[in-house]
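> Take this sequence and fold it.
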Amino acid sequence: MKNKPHLFLHFLAASLLFWTSSTSVVAAPLVSIGDNTDIFFNGSSSLRWSSNLFRNENNEESDSSWTVSPGFEINVGRGISNADLTVVTRYDVVSYQDNEYLDTELFHIEALGSYETSRLSVNGSASHDETKINTPENNISDDLVELNTTSVDFDAEYRVSPKFSFSAGYKYSETEYQTYQDSFSDRETTRFPLNVYYELTPKLDLILGYTHSITDIKGRSRLLGPGVTEVYTGYDKDSDFFNVGLRGNILAKLTGYFKIGHRTISAGDNNRLVNGTIVRTFDRDNSGMLGLDANLTWMASSKLLVQLALSRDFGTGGLGEAVETDSANLVGNYSFNAHWSAMANLGYTERDPSNFGRENELLNGGLRLMYVLNTYWRFSAGYAYSDNKSNQDDSDYQSETLDLTAILRY
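Below is the predicted model:
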């Protein structure tokens with residue numbers, strides 16, 4: 001097992017040598033069905049090294065992992081002018097060099113679709129992901145937490161007149177823990193966004209918006225000792241976001257949208273029981289705060305693209321607690337030429353629990369260099385750094401990650 005990562009390096013070197021010496025060919029799908037459907041093989045292989053695999057404050061343990069990810073991409077819509085559907089799936093086979101008990105297999109699938117007419121625009125996506133990783137909210141010493149996430153995002157916009165249009169959407173997300181269910185709470189969140197748009201200029205719209213969110217936090221239980229059971233009951237919380245904003249060409253080189261307004265939250269109470277007896281009740285008062293949702297792109301030049309995402313929202317921590325979440329993420333992409341490009345990112349997230357739970361401040365950043373060999377092969381190398389501060393004992397950590405990745409699309 002010690003030699004597994006070296007196999008990837010041999011594979012990477014051999015692939016580079018082979019494709020550098022090969023003649024160029026025209027890209028084509030693996031299979032075409034009829035006039036509108038193409039199927040591609042879309043696989044990758046990566047070697048990753050982490051300085052703090054379990055993201056522990058003490059007893060940091062480094063390890064290397066090798067991931068092979070065969071997958072397929074199905075495109076429906078070639079030759080159809082107003083409809084498009086893409087389904088991407090992959091299967092990760094992850095092998096660790098030292099901690100072999102962490103070896104796992106993870107399934108991912110995502111569907112993206114769109115439909116457009118002169119007045120109606122419909123966009124939708126659905127995904128399911130299996131994950132095995134520790135985060136600031138889900139952290140276990142000397143092991144990794146397994147969880148499944150499912151999401152659905154649907155939005156339809158209709159133009160009523162040359163000046164007015166409106167949109168309605170449905171967003172659903174679910175988190176289910178596959179391990180350590182006694183320590184973390186499953187949850188489901190459903191959002192219903194409504195927006196009215198007024199055209200200020202041909203390239204800029206005014207937004208009047210409202211979003212209602214419903215979150216169902218599941219209960220959890222665990223054994224504290226022989227014959228002693230601890231139970232945290234579930235609860236629901238509702239949130240409303242009243243906002244105004246802009247979308248489109250905000251400045252000459254700045255595009256995207258931003259929404260600012262007022263968020264309110266109303267959360268129910270829940271109890272901690274030991275052997276069926278209530279020993280604590282968690283009372284949650286209604287609260288409000290300034291809300292923000294923004295996604296902006298600055299085209300600095302023909303080679304440099306900068307993206308900024310901002311959010312101020314109510315969220316849910318791993319223990320089921322309601323948290324106020326502030327986040328800012330900055331990404332820059334620079335294209336040297338048709339083959340070489342680079343990306344840098346810097347992010348900050350602060351999670352402040354309203355009653356109990358983990359308070360976290362997470363700073364992360366990274367660099368990635370990408371190389372496109374031809375229409376089939378892409379390679380990249382990346383570095384990532386994370387620094388987490390928490391009010392929980394043994395939850396502060398720093399982590400560094402290096403990876404080499406090869407991607408084949410045929």
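
> Run through the residues that contact the spatially closest residue to Gln178 that is not a sequence neighbour.
Distance criterion Cβ to Cβ, 6 or more residues apart in numbering; nearest residue to Gln178, sequence neighbours excluded, is Glu146 at 4.1 Å. C-beta coordinates here come from the backbone N, C-alpha and C atoms, glycine included. By Cβ atoms under 8 Å, 6 or more residues apart in numbering, the residues touching Glu146 are 104, 130-132, 177-179.

> For Glu146, give the beta-bridge partners.
Beta-bridge pairing for Glu146 (DSSP bridges): Lys132.

> Then Ser65?
Bridge pairing for Ser65 - DSSP bridges - gives Arg48, Tyr96.

> do you know how far the residue nearest to Gln178 is from Asp403?
Distance, Glu146 to Asp403, by Cβ to Cβ, to the nearest Å: 21 Å.

> what's the answer for Gly245, then?
37 Å.

> Kindly report the same for Asn286.
Taken as Cβ to Cβ, the span from Asn286 to Asp403 is 45 Å.

> Neighbour count for these two, which is higher?
Between Asn286 and Asp403, Asp403 has the larger neighbour count (other Cβ atoms under 10 Å), namely 18 against 9.

> The more buried one against Ser50, yeah?
No - if you go by Cβ atoms under 8 Å, Asp403 and Ser50 don't touch, sitting 9.2 Å apart.

> okay, and for this protein, where does confidence drop off?
Applying pLDDT under 70 to the chain flags residues 1-27, 354-358.

> Tell me where the stretch 51-200 of the chain has helices.
Remark: helices of the stretch 51-200 of the chain are absent; assignment by DSSP state H, counting those that start in this stretch.

> how about the strands of it, start to end?
Counting by DSSP state E, counting those that start in this stretch, the stretch 51-200 of the chain has these strands, from start to end: 63-69, 71-76, 83-96, 104-116, 120-132, 146-159, 164-177, 187-201.

> Distance to Ser46 added to those, as TSV?
Output for those, formatted as TSV (distance: least, Cβ to Cβ, whole Å):
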stretch	distance to Ser46
strand 63-69	5
strand 71-76	13
strand 83-96	9
strand 104-116	13
strand 120-132	15
strand 146-159	20
strand 164-177	25
strand 187-201	30
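
> Identify whichever of the ones you listed lies nearest to Leu346.
The closest of the strands of the stretch 51-200 of the chain to Leu346 is strand 120-132. By Cβ to Cβ, the value is 23.2 Å.

> can you list contacts of that closest one?
Residues contacting strand 120-132 (Cβ under 8 Å, 6+ apart): 94, 102, 104, 106-116, 144-159, 178.

> ok and that strand relative to strand 104-116, angle-wise?
Per axes from the mean of the first three to the mean of the last three Cα atoms, to 10 degrees, the angle that strand 120-132 makes with strand 104-116 is 180 degrees.

> And strand 120-132, how far out from the chain middle?
11 Å (Cα atoms, centre = their mean, to the nearest Å).

> Next, the buried residues of that strand.
121-128, 130-132 (16 or more other Cβ atoms under 10 Å).

> any chance of those residues in JSON lines, with distance to Val31 too?
Compiled in JSON lines, those are given as follows (distance: Cβ to Cβ, whole Å):
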{"residue": "Ser121", "distance to Val31": "30"}
{"residue": "Val122", "distance to Val31": "28"}
{"residue": "Asn123", "distance to Val31": "27"}
{"residue": "Gly124", "distance to Val31": "25"}
{"residue": "Ser125", "distance to Val31": "24"}
{"residue": "Ala126", "distance to Val31": "23"}
{"residue": "Ser127", "distance to Val31": "23"}
{"residue": "His128", "distance to Val31": "24"}
{"residue": "Glu130", "distance to Val31": "26"}
{"residue": "Thr131", "distance to Val31": "30"}
{"residue": "Lys132", "distance to Val31": "32"}
